[in-house]
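A.B. asks: need a structure here:
(4 chains)
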There are 2 protein chains.
Amino acid sequence: MIALVEACPNDGRINPCSQCSARRLSVCGVLADEGLQRLSAISENDTFDAGEILVREGDPATNLFNITAGAVRVYKLLPDGRRQIVGFLFAGDFLGLATGDRYAFSAEALSAGAACRFHKKAYRKLLATLPDLETALLDRASHELQAAHNQMLLLGRKTAVERLASFLMDLSDRDRRAGGAGRIIQLPMTRAEIADYLGLTTETVSRVTSRLKVRGVIRLLTLHSLSIEKPAELAALAGLDAGDFPA
Amino acid sequence: MIALVEACPNDGRINPCSQCSARRLSVCGVLADEGLQRLSAISENDTFDAGEILVREGDPATNLFNITAGAVRVYKLLPDGRRQIVGFLFAGDFLGLATGDRYAFSAEALSAGAACRFHKKAYRKLLATLPDLETALLDRASHELQAAHNQMLLLGRKTAVERLASFLMDLSDRDRRAGGAGRIIQLPMTRAEIADYLGLTTETVSRVTSRLKVRGVIRLLTLHSLSIEKPAELAALAGLDAGDFPA
DNA sequence: CGCAGCCTTGACCATTATCAACGCTGGTGG
DNA sequence: CCACCAGCGTTGATAATGGTCAAGGCTGCG
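C.D. replies: Below is the predicted model of the structure:
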């Protein structure tokens, strides 16, 4: 849930740069070499297939992951099977920081990928000796909390169209932060997953997508990628919250 | 949003104990005397009246508050006035930790109270020299994030009855953690505020409350306090999520 | 080529929002 | 001290958004 890397100083992108990959950790810019080596020493490189379960809600929270490739969905379930996806993770994001003794969520791979896995205990012990890393994590946690608040606004008060528009704007922003133009959006998840992230049903997601398509706001390239044709209109539909000012 | 105190070691309660109050800070158990004194040195004691605005969404995030008395609502607005309350803060809670340059939320006093105010810059500088405090804050941020995830599950997937039942269970838990029996619940907020916290309308909150009353699950003592008559039934209605196990 | 899973569309329905009226309550001023 | 008033809360009638159920189309893989 917590990404240590926003823009890697080596290549300016979110994804781990070659240097980071070599070190199996996306912690560019935060730690000096010695710290990196000590982190690497307590970590293991894992790969995972699509659909693989990384973390199960209720299990003892022994591990902590840094996603280095692929995508992951993090979700909570109600006893009757209703699901709320609380976030999608991509390369550079952390999984398992916000836990107590047991995981309060489950995590499954959306696609094949890889992660760097730490033992939480060793990690916490090391953390105490790396104040810079701790500060960086606190910042990340703050950002995560802000994102969660935005999602609460979305889930509690936005209409179906506003939710989907907000979601597409988020993906667009993410693409821009990763160095893209923010016009072509990849959707590595199914409609059901989008629905469970936005508090809707697949049918509603599908209908709203169609409406946006008919109105010419978006254009579907494939089922899992689209192009934003009218960014201004999409932004307006997303219902920018009262704290966002145009520059 | 982040409480430093869970159970104060001096008296076992959430509210700042007498020692904390004397120091104008609810950081019992985390810092040695010297750290407490240095924190005190960069803080000021403020009081506020009901309805007073402590933080306005979009303003530069210069301050950080530790609530020492009273209650506060934290919320986000959409341009057309729709409001989502992202949390209620009580004595011991922190306000303003999860911010970037500008506040991403507004905060208003529910009731008269008091807060200890820090300049964020001085605070961050001091934080770097108090690793124990930083670790404690990171833990707090984790708990906040978990709470936000639970609220996302509530807002995205729970029915009106489940939302209200969950809310009452939360207040009950809070009371128990503060040393109470968890049977008598205080509601220092209006129905409209409960509605804006649960993603409902005042009418729905009122109707659902009535239904719980008729079913004998709760009993209203006054408009702003009630008694839980059938805790087991309320817990069942709250739809405990799949990760909660009965002991 | 066929099948399974995902997606879309349609018809209908339910939950909750909206609109409206009225009751309660606490504070204020006559 | 009482009456009034404003704001909050409750209840009812109606409406709308989005959910449910159902059928059929697409797509990608074996």
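
A.B. asks: for chain A, longest helix please?
C.D. replies: For chain A, the helix with the greatest residue count under DSSP state H is helix A:131-157.

A.B. asks: buried ones in it?
C.D. replies: Residues of helix A:131-157 classed as buried: A:131, A:133-157 (neighbour count, 16 or more other Cβ atoms under 10 Å in any protein chain shown). C-beta coordinates here come from the backbone N, C-alpha and C atoms, glycine included.

A.B. asks: how about the residue nearest to the spatial centre of chain A: what's its closest non-neighbour residue?
C.D. replies: The structure's chain A has its C-alpha centroid closest to A:L89; by Cα atoms, centre = their mean the separation is 3.0 Å. Leaving aside its chain neighbours, A:L89 sits nearest to A:V72 (4.2 Å; criterion: Cβ to Cβ, 6 or more residues apart in numbering or on different chains).

A.B. asks: for that neighbour, what are its contacts?
C.D. replies: A:L54, A:F88, A:L89, A:F90, A:D93, A:L95, A:A107, A:E108, A:A109, A:L110, A:G113 (Cβ atoms under 8 Å, 6 or more residues apart in numbering or on different chains).

A.B. asks: burial of A:D101, as a residue count?
C.D. replies: 8 (other Cβ atoms under 10 Å in any protein chain shown).

A.B. asks: test my guess that it contacts A:P60.
C.D. replies: Yes. Contact criterion Cβ atoms under 8 Å: A:D101 and A:P60 qualify, at 6.6 Å.

A.B. asks: which positions in chain A make contact with DNA strand D?
C.D. replies: A:T159, A:A160, A:V161, A:G199, A:L200, A:T201, A:E203, A:T204, A:T222, A:L223 (Cβ under 7 Å from any atom of the strand).

A.B. asks: among the residues you listed, which two are most distant?
C.D. replies: Taking Cβ to Cβ, the two most distant members of the residues of chain A next to DNA strand D are A:T159 and A:T222; they sit 26.8 Å apart.

A.B. asks: neighbour-wise, which of the two wins?
C.D. replies: Each of A:T159 and A:T222 has its neighbours counted (other Cβ under 10 Å); A:T159 has more, 12 against 8.

A.B. asks: next, A:F94: secondary structure please.
C.D. replies: Using DSSP: H, G, I helix; E, B strand; the rest coil, the structure places A:F94 in strand.

A.B. asks: that one contacts A:N63, correct?
C.D. replies: No. A:F94 is not in contact with A:N63 according to Cβ under 8 Å; the separation is 11.5 Å.

A.B. asks: what's the overlap in contacts for those two?
C.D. replies: Joint contacts of A:F94 and A:N63 (Cβ under 8 Å, 6+ apart) do not exist.

A.B. asks: turn the residues of chain A next to DNA strand D into a markdown table, columns for pLDDT and distance to DNA strand C.
C.D. replies: A markdown table is the format used below for the residues of chain A next to DNA strand D (pLDDT from 0 to 100; distance: Cβ to the nearest atom of the strand, whole Å):
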| residue | pLDDT | distance to DNA strand C |
| --- | --- | --- |
| A:T159 | 98 | 9 |
| A:A160 | 98 | 12 |
| A:V161 | 98 | 14 |
| A:G199 | 98 | 12 |
| A:L200 | 98 | 11 |
| A:T201 | 98 | 9 |
| A:E203 | 98 | 4 |
| A:T204 | 98 | 8 |
| A:T222 | 94 | 10 |
| A:L223 | 93 | 5 |
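
A.B. asks: just checking, which of these belong to helices?
C.D. replies: Among the residues of chain A next to DNA strand D, the ones falling in helices (DSSP H) are A:A160, A:V161, A:E203, A:T204.

A.B. asks: separation between the last one and B:L155?
C.D. replies: The reference is to A:T204. A:T204 is 16 Å from B:L155, where distance means Cβ to Cβ, to the nearest Å.
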